[in-house]
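Engineer: Can you look at this prediction? I've put the sequence above it.
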Number of protein chains: 2
Amino acid sequence: MNYPYKIKKNSSNQINYSNRGMVLEADLNETNNYYLINNIAIIHKKPTPITIKKVDYLSPKKIKIKEATFQKPSTTDYNGIYQGKYIDFEAKETKNKSCFPLKNIHSHQIEHLKKIIEHGGIGFLIIRFTSYNETFYLDGKDFINFINTKTRKSIPYSYFKDKGFVLKIKYNPRLDYLKIIDKIYFNGGKENEEKKKNK
Amino acid sequence: MNYPYKIKKNSSNQINYSNRGMVLEADLNETNNYYLINNIAIIHKKPTPITIKKVDYLSPKKIKIKEATFQKPSTTDYNGIYQGKYIDFEAKETKNKSCFPLKNIHSHQIEHLKKIIEHGGIGFLIIRFTSYNETFYLDGKDFINFINTKTRKSIPYSYFKDKGFVLKIKYNPRLDYLKIIDKIYFNGGKENEEKKKNK
């Protein structure tokens, strides 16, 4: 029912992204905007990479793209700086109830996260299980550890319950993922406060 | 003669970017690729942000963009991680012989660089004067200092000669800007070796 080709356009020719995991994206954009305005962190979503095939030169300053296709991303979607540290993450929604299928994350993106951690950056995933309306922070080290030790093609929901941190939706900031980073990276190790709330 | 609307397309419908400052971009992409392959740093160019107006859904996995326009970027084009530090820069070519006109860098991008430095990141510009085929690294602190103290709408070439570092084109890596960062940020202050070579 919800395949991308069924996305409807509204009358003003704008694209309706509501079925394509754009709700989580909107929540994160709002969160990052809150961090930016309040000078807490500078974290942006990268534009989606495209290959331009045809253009129209309307004027020296106005170029219209007439044909283009989406590229596979070679990095994660979000990066920036917090407390002097390099921040890098990927965010995905899944309708699956029992697991997060790894096909949702390209192998380039996994390699990228591995390298970021190796070079001293903070890498992680933000995964939303839409069936439960539950959003998890999964630290990059736990993610890479899963990839390296398991042969499964999906991460079980239980792994997120066990290793991840629940991100509750709040008014402002919507998804305060930096609070988790504070716990893991700036206050000496993972605490269980966030998890207890959830159990 | 070289305005963007005169850019010619070749027979295979590929766009010829040679007049649009894409030579410096190609040099930097090659340099960043060298850093990546040799596990020195992870620095990528961000995709150009676009606003999608119309799409065709060819299949669930294949979406073709039928109409789109370029957006003004809100951040710089390049960022990543080196030696655990957040790296952020903008790269531009100019045909001007006496100065680099500041209209080439959007006010959002200047604000972005200011914030990056304030948050402990390494921010800078890479500017190529195509008339001299000379490429400079200008540290973000010197750039922001110029913006804050001068009312001019351009940075004189002499300022680059004075405060900047020449990046000579080499075989591999093409533009070794991390060597300059090593000098400024990792070996305790700016040295003059690079400048002497140029005088």
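Structural biologist: Received it, and whenever you're ready, just let me know what you need.

Engineer: Going by C-alpha atoms from here, please, whenever you check contacts or count neighbours.
Structural biologist: Fine.

Engineer: Show me what counts as buried in stretch A:50-64.
Structural biologist: Using 16 or more other C-alpha atoms under 10 Å in any protein chain shown as the test for burial, stretch A:50-64 gives A:50, A:52, A:54, A:55, A:63.

Engineer: ugh, wrong one, stretch A:84-102
Structural biologist: A:84-94, A:99-100.

Engineer: check whether the longest strand seen in chain A contacts chain B.
Structural biologist: Longest strand of chain A, by residue count under DSSP state E: strand A:85-94. Yes. Strand A:85-94 comes into contact with chain B (C-alpha under 8 Å from any C-alpha of the partner chain), by way of A:85, A:86.

Engineer: contacts for the very next helix or strand once past that strand?
Structural biologist: The helix or strand immediately downstream of strand A:85-94 is strand A:99-101, counting by DSSP states H and E. For strand A:99-101, contacts defined as C-alpha atoms under 8 Å, 6 or more residues apart in numbering or on different chains pick out A:94, A:153, A:154, A:155, A:156, A:157, A:158.

Engineer: switch to 10 Å and redo it
Structural biologist: With contact meaning C-alpha atoms under 10 Å, 6 or more residues apart in numbering or on different chains, strand A:99-101 is reached by A:92-94, A:127-129, A:152-160.

Engineer: Could you pull up phi and psi at the spatially closest residue to residue A:27 that is not a sequence neighbour?
Structural biologist: In this structure, residue A:27 finds its nearest non-sequential neighbour in residue A:174, 6.0 Å apart by C-alpha to C-alpha, 6 or more residues apart in numbering or on different chains. Phi and psi for residue A:174, reported as degrees, to the nearest 10, are phi -60, psi -50.

Engineer: where does residue A:174 land on pLDDT?
Structural biologist: Per-residue confidence (pLDDT) for residue A:174: 96.

Engineer: The one 10 residues further on too?
Structural biologist: According to the model's per-residue confidence, residue A:184 sits at a pLDDT of 96.

Engineer: tell me the SS of the residue in chain A sticking out farthest from the centre?
Structural biologist: Computed with C-alpha atoms, centre = their mean, the residue of chain A farthest from its C-alpha average is residue A:59, at 36.8 Å. Following DSSP: H, G, I helix; E, B strand; the rest coil, residue A:59 is assigned to coil.

Engineer: Strands of chain A, start to end?
Structural biologist: A:41-45, A:50-57, A:63-70, A:78-82, A:85-94, A:99-101, A:122-129, A:134-139, A:154-156, A:165-166.

Engineer: any chance of those strands in JSON lines, with mean pLDDT too?
Structural biologist: As requested, the strands of chain A are arranged in JSON lines below (pLDDT from 0 to 100):
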{"stretch": "strand A:41-45", "mean pLDDT": "97"}
{"stretch": "strand A:50-57", "mean pLDDT": "90"}
{"stretch": "strand A:63-70", "mean pLDDT": "91"}
{"stretch": "strand A:78-82", "mean pLDDT": "98"}
{"stretch": "strand A:85-94", "mean pLDDT": "97"}
{"stretch": "strand A:99-101", "mean pLDDT": "97"}
{"stretch": "strand A:122-129", "mean pLDDT": "98"}
{"stretch": "strand A:134-139", "mean pLDDT": "98"}
{"stretch": "strand A:154-156", "mean pLDDT": "97"}
{"stretch": "strand A:165-166", "mean pLDDT": "98"}
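
Engineer: now those strands in JSON lines, with distance to residue B:119?
Structural biologist: Formatted as JSON lines, the strands of chain A follow (distance: least, C-alpha to C-alpha, whole Å):
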{"stretch": "strand A:41-45", "distance to residue B:119": "8"}
{"stretch": "strand A:50-57", "distance to residue B:119": "31"}
{"stretch": "strand A:63-70", "distance to residue B:119": "33"}
{"stretch": "strand A:78-82", "distance to residue B:119": "7"}
{"stretch": "strand A:85-94", "distance to residue B:119": "9"}
{"stretch": "strand A:99-101", "distance to residue B:119": "34"}
{"stretch": "strand A:122-129", "distance to residue B:119": "15"}
{"stretch": "strand A:134-139", "distance to residue B:119": "22"}
{"stretch": "strand A:154-156", "distance to residue B:119": "35"}
{"stretch": "strand A:165-166", "distance to residue B:119": "26"}
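
Engineer: And the ones you listed: which comes nearest residue A:108?
Structural biologist: Evaluated with C-alpha to C-alpha, those place strand A:85-94 nearest to residue A:108, the distance being 11.9 Å.

Engineer: Now do the closest one against strand A:134-139, angle only.
Structural biologist: Orientation of strand A:85-94 against strand A:134-139 (axes from the mean of the first three to the mean of the last three C-alpha atoms, to 10 degrees) gives an angle of 140 degrees.

Engineer: and strand A:85-94, which strands flank it?
Structural biologist: If you go by DSSP bridges, strand A:85-94 pairs up with strand A:78-82 (antiparallel), strand A:122-129 (parallel).

Engineer: Reformat those as CSV; add distance to residue A:68.
Structural biologist: What follows is the strands paired with strand A:85-94, written out as CSV (distance: least, C-alpha to C-alpha, whole Å):
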stretch, distance to residue A:68
strand A:78-82, 23
strand A:122-129, 29
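
Engineer: out of these, which comes closest to residue B:110?
Structural biologist: strand A:78-82 (15.9 Å).
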